[in-house]
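Q: Sequence first, predicted coordinates after that:
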Protein chains: 2
Amino acid sequence: MADTLTIWTYDWVPPGPRGFVRDLRLRWAAEEAGLAHEVRTVPFDDRETNHLDRQPFGQVPFLTDGEVSIFESGACLLHLAGKSEALMPRDASGAAATLQWVVAALNSIEMVTVPWWFLSLSGQEDNGLTGWMDKRLQQLEAVLREREWLAADRFTVADLVMADVLRVSKLRAHGERPASEAYVARVTDRSAFRKAHAAQFAHFAAADERRA
Amino acid sequence: MADTLTIWTYDWVPPGPRGFVRDLRLRWAAEEAGLAHEVRTVPFDDRETNHLDRQPFGQVPFLTDGEVSIFESGACLLHLAGKSEALMPRDASGAAATLQWVVAALNSIEMVTVPWWFLSLSGQEDNGLTGWMDKRLQQLEAVLREREWLAADRFTVADLVMADVLRVSKLRAHGERPASEAYVARVTDRSAFRKAHAAQFAHFAAADERRA
C-alpha cells in the first residue's frame, strides 16, 4: 500500500479567510503534480492550544506523508516538489532558481506584505511598512515585466507561492503594478488553482452545515 | 577542477550591521560542513541598482556554485544542506523536520521580528506588531524549553538560521525567554559560528582601510 499523502487543515473557518487558508497552497501543488491525497482536519475552535504538538504556532496546514510529518506551507511545498518535476525542474540550475524564488516569496515579499496587511487591518493602510513594501513590490514588478514565470522559463512551485502571496485583495488594490497583476491572473487561471480553490470553499461550506 | 563555491557579499558596510550581514549564515554553514569556499564582493555603494541582475532586491548574499547561481540566504542554506549531512540529516523524517524549521525561522519568526525591528528603529518598540511577535516568540520558547535542537535531536541548518534570527540584540532585550536565550548562547558558541563571525568582521575592517 502506498503511503497516504494527507493535507491537514481546520475543520471550519469563518467566511473571511476562505479561499486564503494556506492549505490551498498544498491542495494546489498536489493538483499540479497529480498527487493523490486526502484532506483531514483539526478543530478551528481552541486552535491555539489543541494541536501544538503537530504545529507549534497553532496554525495550519501541515502534511503527513507516510512516516513524515511536516508543517509550514513553504516547507510542505518543497517537500511535495521533491516528488514531482511538475513542481520543480530536476536540473541543478532550474532547481536552484525555483528554490530561491520560493524563499523570496516567503522571506522577501511575504515578510513585508503580511505584516503590512496585519497593520492595515486597524485602518492604517499608510503605516510604517508601506514605503518598504512599495519598494519590494516595485522591484518584483521589474522582474515580472521581463518574464512570464519566475524560474526556468516554466511554471514551478515558486510561481504557485508567489502568486498566492500577491493575490491578496488589499495588496492588489494598493499601487499600480500591471506586470504583477497580469502574472497573478495568469498563474491563478490554471485549472489546478481553480480546482483547489473550489475544493477549499466546498470543504468549509460543508462544515457550515455541520455547525448549524 | 572542482567547482568553486563562492559567497558574494558587499565590499564594505558601515560598522552597525557588521556581524549581522546575511553572508554570515553562508560562511557559518560552509564552516560547519567543511566546504571550501571563497568570498567575493559587489559594491555597497549604489547597491540598490548595481547588481539587480544577480539579486533583484539589491541585497546580499548570493552564492555561485559552478553553473548554479542562487540568492536568498534561506535558499542558499538549503542548497548547501544538499551538499553535507552536517547541515541536514539524510533520512526522510530528519530532512523534513530540518526543512520545516528552516522555513519556520524565515516565515513564522523572522516574518514578524524583522518588521517589528524595522518599526522599532523609529523608536516605537511598542508598535502594532509587538503583540503578535510576543505570541510567536512565546510559542517558540515553549518548544525550546523541551529540546536542545529544533530538528532530529542534533544541530542542523535549522538551528543555524533560527539562532541567527533570534540573536538580534534588540530582540533579546525585549521580553524574558530563558530557554530561547540559552539556545542562542548554545548555538552561537559553536566554533563554526565564531570563525564565520570573526571572518565577516575582518572582511569589512579590511575594507575600511581601502576606503580611508
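A: Received the coordinates, thanks. Please read these numbers as outputs of a predicted model, since none were measured by experiment.

Q: domain assignment for chain A?
A: A:5-86+A:194-211, A:92-191 (automatic domain parsing).

Q: what's next to the host helix or strand of residue A:205, contact-wise?
A: Using DSSP states H and E, residue A:205 maps to helix A:191-211. Around helix A:191-211, the neighbours that count as contacts under CB atoms under 8 Å, 6 or more residues apart in numbering or on different chains are A:9, A:11-13, A:18-19, A:21, A:23-24, A:27-28, A:30-32, A:39, A:160, A:163, A:187-188. In this view, the C-beta of every residue, glycine as well, is placed from N, C-alpha and C.

Q: Just give me how far that helix sits from the chain centre.
A: The gap between where helix A:191-211 is centred and where its chain is centred comes out at 16 Å by CA atoms, centre = their mean, to the nearest Å.

Q: What mean pLDDT does that helix get?
A: Helix A:191-211 comes out with an average pLDDT of 95.

Q: Give me the buried positions along that helix.
A: Neighbour counts over helix A:191-211 (16 or more other CB atoms under 10 Å in any protein chain shown) mark A:192-193, A:196-197, A:200, A:203-204, A:207 as buried.

Q: Please give me every residue in contact with the residue nearest the centre of chain A.
A: Central residue of chain A (CA atoms, centre = their mean): residue A:25, 4.0 Å from the mean position. Residue A:25 makes contact with A:61, A:73, A:76-77, A:160-161, A:164 under the criterion CB under 8 Å, 6+ apart.

Q: Just tell me which of the domains of chain A ends up closest to residue B:147.
A: Nearest to residue B:147, of all the domains of chain A, is domain A:5-86+A:194-211, at 10.9 Å by CB to CB.

Q: how long is the closest one from one end to the other?
A: Distance across domain A:5-86+A:194-211, first residue to last, is 27 Å (CA to CA, to the nearest Å).

Q: what do you get for stretch A:28-39?
A: So stretch A:28-39: terminal residues 12 Å apart, CA to CA.

Q: what residue ranges in chain A are flagged as low confidence?
A: A:1-2 (pLDDT under 70).

Q: Which residue ranges of it form strands?
A: A:5-10, A:38-42, A:62-65, A:68-71 (DSSP state E).

Q: ok, back up a step: got the angle between the helix holding residue A:205 and strand A:38-42?
A: Relative orientation of helix A:191-211 versus strand A:38-42 (axes from the mean of the first three to the mean of the last three CA atoms, to 10 degrees): 40 degrees.

Q: For residue A:74, list the residues it contacts.
A: By CB under 8 Å, 6+ apart, the contact list for residue A:74 reads A:102-103, A:105-106, A:161, B:103, B:106-107.

Q: and if we set it to 10 Å?
A: For residue A:74, the contact set (CB atoms under 10 Å, 6 or more residues apart in numbering or on different chains) comprises A:22, A:25, A:102-103, A:105-107, A:110, A:157, A:161, B:74, B:99-100, B:102-104, B:106-108.

Q: show me what contacts the nearest residue to residue A:51 once chain neighbours are set aside?
A: Nearest residue to residue A:51 in three dimensions, chain neighbours excluded: residue A:42, at 4.4 Å (CB to CB, 6 or more residues apart in numbering or on different chains). By CB under 10 Å, 6+ apart, the contact set of residue A:42 is A:8-11, A:50-51, A:54-55, A:58-62.

Q: For residue A:42, give the beta-bridge partners.
A: residue A:10 (DSSP bridges).

Q: if we can go back for a sec, nearest to residue B:131, out of the domains of chain A?
A: Judging the domains of chain A by CB to CB, what sits closest to residue B:131 is domain A:92-191, at 10.2 Å.

Q: okay, how far is it across that closest one, tip to tip?
A: End-to-end for domain A:92-191, by CA to CA: 28 Å.

Q: ok, now stretch A:45-57?
A: Stretch A:45-57 has an end-to-end distance of 14 Å (criterion: CA to CA).

Q: And for that stretch, what's in contact with it?
A: By CB under 10 Å, 6+ apart, stretch A:45-57 touches A:8, A:10-13, A:42-44, A:58-62, A:64, A:69, A:71-72, A:211, B:100-101, B:104, B:108-109, B:135-136, B:139-140, B:142-143, B:146.

Q: Mind doing that once more with 8 Å?
A: Against stretch A:45-57 from outside (CB under 8 Å, 6+ apart): A:8, A:10, A:42-43, A:58-60, A:62, A:69, A:71, B:104, B:108, B:136, B:139-140, B:142-143.

Q: hmm, which of those are the buried ones?
A: A:8, A:10, A:42, A:58-60, A:62, A:69, A:71, B:104, B:108, B:136, B:139-140, B:143.

Q: so which of the residues you listed comes closest to residue B:181?
A: Among the buried ones among the contacts of stretch A:45-57, residue B:140 lies closest to residue B:181 (CB to CB), at 11.8 Å.

Q: Next up, the contacts around the closest one.
A: With CB under 8 Å, 6+ apart, residue B:140 has these contacts: A:56, B:109, B:177, B:180.

Q: Top of the residues you listed by number of neighbours, please.
A: residue B:180 (24 neighbours; other CB atoms under 10 Å in any protein chain shown).

Q: Would you agree that residue is in contact with residue B:139?
A: No - using CB atoms under 8 Å, residue B:180 makes no contact with residue B:139, being 10.8 Å away.

Q: re earlier: name the nearest residue to the residue nearest to the centre of chain A, sequence neighbours excluded.
A: Once flanking residues are discounted, residue A:25 sits nearest to residue A:73: 4.8 Å by CB to CB, 6+ apart.

Q: Make sure that neighbour is actually in contact with residue A:61.
A: Yes - between residue A:73 and residue A:61 there is a contact at 6.0 Å, judged by CB under 8 Å.

Q: Give me the common contacts of those two.
A: Jointly contacting residue A:73 and residue A:61 under the rule CB under 8 Å, 6+ apart are A:22-23, A:25-26.

Q: which of these lies closest to residue A:124?
A: Nearest member of the shared contacts of residue A:73 and residue A:61 to residue A:124, counting by CB to CB, is residue A:22, at 24.4 Å.
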